[in-house]
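Enquirer: only geometry, no sequence info:
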Ligand SMILES: C[S@@+](CC[C@H](N)C(=O)[O-])C[C@H]1O[C@@H](n2cnc3c(N)ncnc32)[C@H](O)[C@@H]1O
């Protein structure tokens, strides 16, 4: 996975609300660079005094930094963050210079740095996502754990669109269901389906890197016997129907295969879509309805929506 660093130069007062905005936008960790830190004496855990580099700190104000995975949603995510920070002014929060800088994080630097910011996250009443290098003890006996090494593919599992898809799967998947996961990325939605007792899961992605990452994560979670990973474009090579199709891809891409999804969902089955920015909600809903789906529910998280659509059981003429 490639990462972008987003750095916001702001005031002390705005640290907390901005950190919340960044967390809600999917950042797994936030770093505060406050020049006050430079004057504190520091001792590391081996007793050595270490010094911070003043060049890393602003002269005034603070930098709030977060790391966000570079994926097809990056532009929308950054726009959403900027807008949410500007909106803080309406609450009389001084956001200072509010200078926002985006930079790519060199992959080698990231290989050692990013693991600090990625920790177990409880993303629903049932599921906790646990990075492979963390020890985690389940809090309750019915908690389901997804172990993930996102590697280079999309999905630390904590993006709002992924979280909404998992929550929708929790509600819609029944034991023994067949599932098609379009745009599987790290394989997270297929793993969640397998843990929810679905039995025959097809994880599809166009990107070879995602296919490799999904295979590794599926093996890691001991669900290879239930999930097959295939490289391919949307649903073009699929012929077998399924009770549930889930797709977390941009709205523009979803709209390309709504009709194929309708053919492949069994009557009474469900099509879960996300990756839909609020502004595109109506367009996607209209496409789903035109194809024959009935909208069961629209879930929203920050700027994103997920739509749960049902294929009616009584569709005369088919
Ligand atoms: C936003 S990620 C979602 C990953 C994962 N399902 C999740 O929810 O975290 C979208 C994925 O769709 C894949 N994708 C994009 N266009 C596709 C296409 N035409 N056919 C199949 N997969 C595609 C991308 O490679 C990417 O892995």
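Expert: Happy to help now that I have it. A quick note: this is a predicted structure, and the numbers were derived from the prediction, not measured.
Enquirer: For the stretch 51-200 of the chain, which segments count as strands?
Expert: 62-69, 99-105, 121-122, 127-131, 144-148, 178-182, 200-205 (DSSP state E, counting those that start in this stretch).
Enquirer: what lines up beside the fourth one in the sheet?
Expert: In the sheet containing strand 127-131, the strands it pairs with under DSSP bridges are strand 121-122 (antiparallel), strand 144-148 (parallel).
Enquirer: Need these in JSON lines (columns: mean pLDDT and distance to the ligand).
Expert: (C-beta placed from N, C-alpha, C; glycine too.) Listed next are the strands paired with strand 127-131 as JSON lines, based on pLDDT from 0 to 100; distance: least, C-beta to the nearest ligand atom, whole Å:
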{"stretch": "strand 121-122", "mean pLDDT": "84", "distance to the ligand": "13"}
{"stretch": "strand 144-148", "mean pLDDT": "93", "distance to the ligand": "10"}
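Enquirer: Same list (these) but as TSV, adding mean neighbour count.
Expert: Shown next, in TSV, are these (neighbours: other C-beta atoms under 10 Å):
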stretch	mean neighbour count
strand 121-122	14
strand 144-148	20
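Enquirer: Redo those as JSON lines? Include distance to residue 30.
Expert: Converted to JSON lines, those look like this (distance: least, C-beta to C-beta, whole Å):
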{"stretch": "strand 121-122", "distance to residue 30": "14"}
{"stretch": "strand 144-148", "distance to residue 30": "20"}
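Enquirer: coming back round to it: how about the strands of the stretch 51-200 of the chain in JSON lines, adding distance to residue 307?
Expert: Shown next, in JSON lines, are the strands of the stretch 51-200 of the chain (distance: least, C-beta to C-beta, whole Å):
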{"stretch": "strand 62-69", "distance to residue 307": "23"}
{"stretch": "strand 99-105", "distance to residue 307": "30"}
{"stretch": "strand 121-122", "distance to residue 307": "24"}
{"stretch": "strand 127-131", "distance to residue 307": "20"}
{"stretch": "strand 144-148", "distance to residue 307": "23"}
{"stretch": "strand 178-182", "distance to residue 307": "14"}
{"stretch": "strand 200-205", "distance to residue 307": "19"}
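Enquirer: looking at the ones you listed, which is buried most?
Expert: Comparing these by mean neighbour count (mean count of other C-beta atoms under 10 Å), strand 178-182 comes out on top with a mean of 26.
Enquirer: Name every strand pairing with that one and say which way it goes.
Expert: strand 200-205 (parallel), strand 242-248 (parallel).
Enquirer: So for residue 125, which of those sits nearest?
Expert: strand 242-248 (18.5 Å; C-beta to C-beta).
Enquirer: Can you name the element that comes right after that closest one?
Expert: helix 251-254 (DSSP states H and E).
Enquirer: Now the element after that following helix, going C-ward?
Expert: Next in sequence after helix 251-254, counting helices and strands by DSSP H and E, comes helix 258-264.
Enquirer: And the contacts of that following helix?
Expert: Contact with helix 258-264 is made by 180, 182, 234-236, 238, 240-242, 245, 247, 271, 284, 287-288, 290-293, 311, as judged by C-beta atoms under 8 Å, 6 or more residues apart in numbering.
Enquirer: wait, does that helix contact the ligand?
Expert: No - Helix 258-264 is not in contact with the ligand by C-beta under 6 Å from any ligand atom; minimum separation 11.2 Å.
Enquirer: how about low-confidence regions in the chain?
Expert: By pLDDT under 70, the low-scoring segments of the chain are 1-2, 28-29, 36-57, 72, 106-118, 150-156, 315-318.
Enquirer: Give me the buried entries from the contacts of helix 258-264.
Expert: 180, 182, 234-235, 238, 242, 245, 247, 271, 284, 287-288, 291-293, 311 (16 or more other C-beta atoms under 10 Å).
Enquirer: How far does stretch 250-259 stretch from one end to the other?
Expert: Its first and final residues considered, stretch 250-259 spans 16 Å by C-alpha to C-alpha, to the nearest Å.
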